[in-house]
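In: Pasting the sequence and the predicted model now:
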Amino acid sequence: MNHRFRVVRWAAWAPGLDSREAWRAWLASPTPIAAEGQPPLAEVPAMMRRRIDPLGRAALQAAWWAQGTPEEGAGAMPVIFASRWGEIARSLTLLQQLAGGEPLSPTHFSLSVHNASGALYSMARQDRQNYLAVAGGEHSAEAAFCEALGLLAEGASQVLVAHVDAPLPDAYAALGQIDPSTADPALVAWACVLARPEAGSPSFELEPVAADALAPEAPSSPWLSGSLPVLALLAAADEAGAAREGVSLDRLIAGQPGGWRWTRRPADTP
């Protein structure tokens, strides 16, 4: 399978960061992201929108901005939603209600499953394309891109990848089992439309690497954690001159058998 792809469009959302310009400025000098907030998601009907938790709203907003609307000429394509924990806060609430003998809401349960965001996005857009939901622990972003590369290899012209995560609820965070550098520092959603490489455009390569072959770099900022280094690499693709040099991002997760190497290739690389 070809490990190369290009980024056609990207979008991201976090509290206080709702445009590509704002994200470029933040990625150049990361600071703490606000703990509260949710996107407007005006594209989704109000009746549906008010049922969606902030995490789901963020996922749908980033995906919608990246894919665009049919009125803007956006085409249909396979869609992959990725999240390490998904709607874990909603699931925790359901577990607490179950432990307390309280009745459970079927609606809340249906929105707690891992493919809830994809289902809502499909219904809101009236889209019957191939939808996938993936979770791969610290490697959830890479898992989504592997799925996308497979779909491109099978003939899809473009694939939408959306990634969303938020910090663990206190009940889980207090267990101390998660390395903070592997988790997103706040509610963050980003999405991008991928396509096969073409002449004259910068491209990316994603490769699995054995642990003993990796030399991961320390994060430049404690706020650039989790999936955000991947967003930084993808967002740099459309900056003037940013892809003149190949830039690697090695990801090594402690306790895992290996990691991943992301590489940005300049436009003239064959």
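Out: Received, thanks.
In: tell me the contacts of residue 74?
Out: 67, 68 (C-beta atoms under 8 Å, 6 or more residues apart in numbering). All C-beta spots, glycine's among them, are computed from the backbone N, C-alpha and C.
In: Relative to residue 63, how far out is it?
Out: 11 Å (C-beta to C-beta, to the nearest Å).
In: Residue 258 - how many residues pack around it?
Out: Residue neighbour count, defined by other C-beta atoms under 10 Å, stands at 16 for residue 258.
In: ok, so what distance separates it from residue 164?
Out: The value you get for residue 258 to residue 164, if C-beta to C-beta is used, is 25 Å.
In: ok, now residue 55?
Out: 6 Å.
In: who's more crowded, the two?
Out: residue 164 (31 against 24).
In: partners of the helix or strand that contains the more buried one in the sheet?
Out: Residue 164 is part of strand 158-165, with elements assigned from DSSP states H and E. Strand pairing for strand 158-165, determined by DSSP bridges: strand 79-82 (parallel), strand 188-195 (antiparallel).
In: just the strands in the stretch 101-250 of the chain please.
Out: Shown for the stretch 101-250 of the chain, the strands assigned by DSSP state E, counting those that start in this stretch span residues 131-134, 158-165, 188-195, 203-210, 247-252.
In: List the buried residues for the first one?
Out: The reference is to strand 131-134. 131, 132, 133, 134 (16 or more other C-beta atoms under 10 Å).
In: still on that earlier bit, what do residue 55 and residue 164 both touch?
Out: By C-beta under 8 Å, 6+ apart, the residues touching both residue 55 and residue 164 are 83, 117, 187, 189.
In: so what pLDDT did the last one get?
Out: Model confidence at residue 189, expressed as pLDDT, equals 98.
In: could you list every residue that touches the nearest residue to residue 43 once chain neighbours are set aside?
Out: Distances taken as C-beta to C-beta, 6 or more residues apart in numbering place residue 64 nearest to residue 43, at 5.0 Å, with adjacent residues excluded. Contacts for residue 64 (C-beta under 8 Å, 6+ apart) come out as 41, 43, 121, 125.
In: could these be laid out in TSV, adding neighbour count and distance to residue 31?
Out: Output for the contacts of residue 64, formatted as TSV (neighbours: other C-beta atoms under 10 Å; distance: C-beta to C-beta, whole Å):
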residue	neighbour count	distance to residue 31
41	20	25
43	16	29
121	23	30
125	20	34
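In: Quick check: the two most widely separated of those?
Out: Across the contacts of residue 64, the longest distance by C-beta to C-beta is 12.4 Å; it joins 41 and 125.
In: Show the average pLDDT along the longest strand along the chain.
Out: Taking DSSP state E as the criterion, the chain has its longest strand at strand 4-13. Strand 4-13 shows a mean pLDDT of 94.
In: same check, this time on stretch 118-135
Out: pLDDT averaged over stretch 118-135 gives 92.
In: related to what we said a few turns ago, strand 4-13 and the strand holding residue 164, what's the angle between them?
Out: 50 degrees (axes from the mean of the first three to the mean of the last three C-alpha atoms, to 10 degrees).
In: follow-up on the earlier one: quick check: which of the strands paired with strand 158-165 is nearest to residue 25?
Out: strand 188-195 (15.5 Å).
In: Give me the contact list for the closest one.
Out: 5-14, 33, 55, 58-59, 61-63, 65-67, 77, 145, 148, 152, 157-166, 226-228, 231, 234.
In: The residue positioned nearest the centre of the chain: what's it in contact with?
Out: Centroid-nearest residue in the chain, with C-alpha atoms, centre = their mean: residue 163, separated by 1.6 Å. Residue 163 makes contact with 81, 82, 83, 140, 141, 144, 189, 190, 191, 227, 230, according to C-beta under 8 Å, 6+ apart.
In: pLDDT value on the nearest residue to residue 22 once chain neighbours are set aside, please?
Out: Computed as C-beta to C-beta, 6+ apart, the closest residue to residue 22 that is not its neighbour in sequence is residue 16, at 7.6 Å. Per-residue pLDDT puts residue 16 at 96.
In: and residue 16, what is it in contact with?
Out: So residue 16 contacts 22, 33, 34, 37 (C-beta under 8 Å, 6+ apart).
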